[in-house]
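Chemist: please work out how this folds:
(chains A and B, ligands or ions: 1)
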Amino acid sequence: MKPFQILTGVAAPLPRVNVDTDQIIPKQFLKTVKRTGLGAGLFYDFRFKPDGTPDPTFVLNQPAYKDAKILVGGANFGCGSSREHAPWALLDFGISCVIAPSFADIFFNNCFKNGVLPLALPDEQVQRLMALVTDRPGTALTVDLRERRILGPDGAPLFNTPFPVDPDRRRALLEGEDEITTTESRGESLDAFEAQQASAWPWVRTRA
Amino acid sequence: MIRSRTLYQKIWDAHVVERGEDGTCLLYIDRHLVHEVTSPQAFEGLRAAGRRVRRTDLTLAVPDHNVPTTPDRVFGIRDEESRLQVEALETNTRDFGVPYIPMLDSRQGIVHVVGPEQGFTLPGLTIVCGDSHTSTHGAFGALAFGIGTSEVEHVLATQSLRLRPAKTLNVVCDGTLAKGVTAKDLILHIIGILGTAGGTGHVIEYTGEALRGLSMEGRMTVCNMSIEAGARAGLIAPDDVTFAYLKGRPLAPQGAVWDQAVEAWRGLPSDPGARYDATVHVDASVLAPTVTWGTSPQDVAPITGVVPDPAQEPDPVKAASMRQALAYMGLEPGTRLQDLAVDRVFIGSCTNGRLEDLREAASVVRGRTVAPGVQVLVVPGSGLVKRQAEEEGLDRIFREAGCLWREPGCSMCLGMNEDRLSPGERCASTSNRNFEGRQGRGGRTHLLSPAMAAAAAVTGHLTDVREMTR
Ligand code: SF4
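Modeler: Residues are numbered from 1 along each chain as shown, chains lettered A, B, ... in the order given. Below is the predicted model of the structure:
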C-alpha cells in the first residue's frame, strides 16, 4: 500500500448525506477484475447525464474542482455495499482523503486498506470546511497525518486541536503497511489457535 | 463469579487469536464465502505475492451477482464482462484449490442463501464474505459480517482479520406480529426507527417474543438488513428452530459431533444480566405491512399511510434530502401509498428469495392474474430453492398468473445482469436497497415483503395484502 503522510490539493464539496457506494461507483463498473481504471466510473450517475455527456452542474465537472484530491461530504458517507471499488475509484480519480461528519463502517475500513484517509470530524468543523471550499472554489487544503492537522491555503492550521484518528490505523497509513505480512508473522499463534479449536470445537471443521 | 456475556461477546472471545494493547484483536475466521465480484483482485494479490489460501476447507465460492437468470444461460453468459468475471472465479478457485459451486450446479445461488442451505453456516462461528449482506448468517447465532476485497485477500491468506470489538445494541421486539405482517415488515420498521446510520459501530442482537416466533427464513430476512441500519452485523440466539433447520444439511456436523455441537450451541445465548451498550424496544404487535417511499431504507411508512411532506419536517437537512428523494421517486406529498401504480415487481434476493418467501408470494398470486402492463420477475435464491418450489408447484402458480419464473441469482436486486429497471419505472421489490439507481439508472424502488409484492403484482399498485387475504 502507498503510504499516506501529507496531502495538499483542491477540496471539493459534496453536501449530501448518506452518499452510498452505489453512487460512488455504480454496479456496471464492478465487472472489472482489476483495481485500476475505476476513476472513469466515479460518481458516474452524478457526473454524466443519461445521454453520456458530462453534467456541468456536478462539482467534479467544474473546472475549479476537477483536479480535487480531497472531498468534503455529508454524514454517513459510504453507506451500502462492501465494494472496495469505492475507495479504488476515488483513488484512481485522484482523491485520497474524504472528510465527513461520519462514515459507514465497511467503507471506512476499506479506505484505510488502500491509502485513503477517511476523516471523521465534528459537524461544525465539516460545515466550516464545506463553506470554505464552496465559497472559494479551487481552495487547496493540506491534510497532514503526521501532525494530525488540516491547514488552510495560507499554511495555518484551521482548527485548534489535532484531528482524531485511530493510532494503529494512522501508523499503518504512514508506513504504507502490508497487513498480510504483519499477520503472517503471527503464524505460530494461528497454528496454536487452530489446534486448540479443533479439539474443543470439532464441528467447526467442514466435512467437505 | 463468571461475567455475564452477550452472545456477541461469547463468539468474539472464542475467536481471539491475539489481543493487542490497544484492543485490536487478531480474530480467527471460521467460514469464508466468496463470489465473483469482490474476489478477483484478492486472488490477484495472492498470486502476485506467491501466497496460498490458508484453509481451502473453510472457504466456499459461488457466482451469483452477475449470472443471467434466463434459461439460456446453459449456453454460457452472453455479457462479455460478466462472463470474464465468472470465469476468473472459476480459474481462481481451481488454481487455489477452493471448493466451487459452478453456475449450472443445482446448488448454485446467492451466497447468503447457499451458505445456510448447505449447513456451511453454523451457530457460534465467525463468517465473512466480501458482501455487506453477510449479516444474513447472524440469524444462526454466528458472527457474520461483510468485508472489503483487501480483507478478502487477508482472510484467504491468513484465515483471520485484525479487528476491534464492536458495541452491542439489543433490539427487543415485543409482542407478536399480526396476520399478514412479516419479518420484512418488522425489519423495515426497525430501520425506520434506527435510521440508516443508527447501528454504525454496533452489532445488533435481535431479541424478544416476536423474534422467537420467526422461522429461520424470517430471521435471515431480519439479520440480512441489519447493514441497512448501518450495523456491522445482526445476531439472533440459536434455539431449537435453528437446530432443526441445520440438522442433516450437507456440511453440518453429524452423529456424535452434532450432539456435541448442539450442546455447546445451547450455551451461546446471552447470559441473563449481560450488558448491552444500548437497547431499543419495538412493539411488533402494532405493525402494519410496511413499505419504503424514498431512496433510503429508513424512508418507511405503513401501507395505510401517505407519502410524507418535507414541509412538515423541522430539520432543514432532513427536509432537503426528503425533497431530493421525492423528486427522484416522482412522488407528491400526501399521495396515498396504496395509489402508487407499479410497472415492475421483483420477488427474490438474499433478503426474500427463500422457499418460505416464494410460498407466501404464491399464496397471494394463486388463482389470480398479474395486472395488465406489469412485469413480474420471480427469482429463487438458489437452485435448491427453485427445485423445491417446483416440486410444490409454486412455479406453475406464478406462471399461470403471468409472472416470469427464473434461474437463481441476485438478478434485479442490483441489476448487474440484464434484469434491471428502465429510467422512471416504479418497482415493488422484496430486495433490500432502494438507493438511487440501485435496480437500474432512474429506477424507482419500493421495498416490501414477498406477500406485499405479490399483492402489488396482482392489483398493479401498492396494496395492503391484508385486504386480499381476508
Ligand atoms: S441478492 Fe442483492 S443484496 Fe443479496 S448478495 Fe445479491 S446483490 Fe447483494
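Chemist: what are the phi and psi angles of residue A:150?
Modeler: phi -110, psi 130 (degrees, to the nearest 10).
Chemist: count of neighbours near the closest residue to it other than its chain neighbours?
Modeler: If the residues on either side of it in the chain are set aside, residue A:150 comes closest to residue A:158, at 4.9 Å by C-beta to C-beta, 6 or more residues apart in numbering or on different chains. The C-beta positions use only the backbone N, C-alpha and C, and glycine is treated the same way. Applying other C-beta atoms under 10 Å in any protein chain shown, we find 17 residues neighbouring residue A:158.
Chemist: residue contacts, residue A:158?
Modeler: Contacts here follow C-beta atoms under 8 Å, 6 or more residues apart in numbering or on different chains; on that basis residue A:158 touches A:125, A:128-129, A:132, A:141, A:150-152.
Chemist: then residue A:1?
Modeler: For residue A:1, the contacting residues are A:113-115, A:172, A:176-178, by C-beta under 8 Å, 6+ apart.
Chemist: one more: residue B:404?
Modeler: Contact analysis of residue B:404 by C-beta under 8 Å, 6+ apart lists B:375-378.
Chemist: then residue B:247?
Modeler: Under the criterion of C-beta under 8 Å, 6+ apart, the neighbours of residue B:247 are residue B:258.
Chemist: may I have the phi/psi pair for residue A:75?
Modeler: According to degrees, to the nearest 10, the main-chain angles of residue A:75 amount to phi -60, psi 160.
Chemist: was I right about it contacting residue A:99?
Modeler: No: contact status for residue A:75 versus residue A:99: not in contact, 11.7 Å apart, counting by C-beta atoms under 8 Å.
Chemist: who's more crowded, those two?
Modeler: Residue environment comparison for residue A:75 versus residue A:99 gives the larger neighbour count to residue A:99, 24 against 21, counting by other C-beta under 10 Å.
Chemist: mind checking which helix or strand that one is in?
Modeler: When elements are assigned from DSSP states H and E, residue A:99 belongs to strand A:97-100.
Chemist: which stretches of chain A have low pLDDT?
Modeler: Low-confidence segments of chain A, defined by pLDDT under 70, span residues A:207-208.
Chemist: the longest strand in it is where?
Modeler: strand A:6-14 (DSSP state E).
Chemist: quick one: buried residues of it?
Modeler: Buried residues in strand A:6-14, defined by neighbour count with 16 or more other C-beta atoms under 10 Å in any protein chain shown: A:7, A:9-14.
Chemist: which SSE is immediately downstream of that strand?
Modeler: Downstream of strand A:6-14, the first helix or strand assigned by DSSP H and E is helix A:21-24.
Chemist: that following helix near the ligand anywhere?
Modeler: No: using C-beta under 6 Å from any ligand atom, no contact is recorded between helix A:21-24 and the ligand, whose separation bottoms out at 10.5 Å.
Chemist: buried residues in that helix, which are they?
Modeler: A:21-24.
Chemist: format those residues as a markdown table; extra columns: distance to residue A:192.
Modeler: Written out in a markdown table, the entries for the buried residues of helix A:21-24 read as follows (distance: C-beta to C-beta, whole Å):
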| residue | distance to residue A:192 |
| --- | --- |
| A:21 | 37 |
| A:22 | 42 |
| A:23 | 44 |
| A:24 | 41 |
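Chemist: residues near the residue of the stretch 201-350 of chain B found nearest the ligand, how many?
Modeler: Minimum separation of the stretch 201-350 of chain B from the ligand (C-beta to the nearest ligand atom) falls at residue B:350, amounting to 3.3 Å. The number of residues packed around residue B:350, counting by other C-beta under 10 Å, is 29.
Chemist: what sits against it?
Modeler: Shown here is residue B:350, whose contacts under the criterion C-beta under 8 Å, 6+ apart are B:110-113, B:133, B:136, B:224, B:381, B:410, B:413, B:432.
Chemist: which among those residues are in contact with the ligand?
Modeler: Near the ligand, judged by C-beta under 6 Å from any ligand atom, the entries from the contacts of residue B:350 are B:110, B:112, B:133, B:410, B:413, B:432.
Chemist: contacts only, for residue 206.
Modeler: If you meant another chain, say so; for now it's chain A. Contacts for residue A:206 were tallied using C-beta under 8 Å, 6+ apart; they are B:57-58, B:120, B:251.
Chemist: to clarify, I was referring to chain B.
Modeler: With contact set as C-beta under 8 Å, 6+ apart, residue B:206 has these partners: B:171, B:173, B:219, B:222-223, B:234-236.
Chemist: doesn't residue B:157 lie inside a helix?
Modeler: Yes: the secondary structure assignment for residue B:157 places it in a helix, going by DSSP: H, G, I helix; E, B strand; the rest coil.
Chemist: what's the burial count for the closest residue to the ligand within chain A?
Modeler: Of all residues in chain A, residue A:81 sits closest to the ligand, at 7.0 Å by C-beta to the nearest ligand atom. Around residue A:81 sit 31 other residues, with neighbours defined as other C-beta under 10 Å.
Chemist: looks to me like it is in a helix.
Modeler: No: the assignment for residue A:81 (three-state DSSP) gives coil, which keeps it out of a helix.
Chemist: OK, contacts around it?
Modeler: If a contact means C-beta under 8 Å, 6+ apart, then residue A:81 has A:20-22, B:131-132, B:146 as its contacts.
Chemist: what's the closest of the contacts of residue A:158 to residue B:427?
Modeler: Top of the list for closeness to residue B:427, among the contacts of residue A:158 and by C-beta to C-beta, is residue A:129 at 37.9 Å.
Chemist: assess the claim that that closest one and residue A:71 are in contact.
Modeler: No: no contact is recorded between residue A:129 and residue A:71 when judged using C-beta under 8 Å, the distance being 10.6 Å.
Chemist: mutual contacts of the two, please.
Modeler: Shared contacts of residue A:129 and residue A:71, counting by C-beta under 8 Å, 6+ apart, come down to A:11, A:99.
Chemist: and for residue 148, the neighbour number?
Modeler: Unless you meant another one, I'm taking chain A. Per other C-beta under 10 Å, the neighbour tally for residue A:148 reads 15.
Chemist: wait, I meant chain B there
Modeler: Other residues near residue B:148 come to 29 when the count uses other C-beta under 10 Å.
Chemist: ok, residue B:331 next?
Modeler: By other C-beta under 10 Å, neighbour count at residue B:331 equals 19.
Chemist: can you pull the phi/psi pair for the residue nearest to residue A:150?
Modeler: Dihedral angles phi and psi of residue A:158 (degrees, to the nearest 10) take the values phi -80, psi -30.
Chemist: over to residue B:444?
Modeler: According to degrees, to the nearest 10, the main-chain angles of residue B:444 amount to phi -120, psi 110.
Chemist: that one and residue B:466, how far apart?
Modeler: Spatial separation of residue B:444 from residue B:466 under the definition C-beta to C-beta, to the nearest Å is 24 Å.
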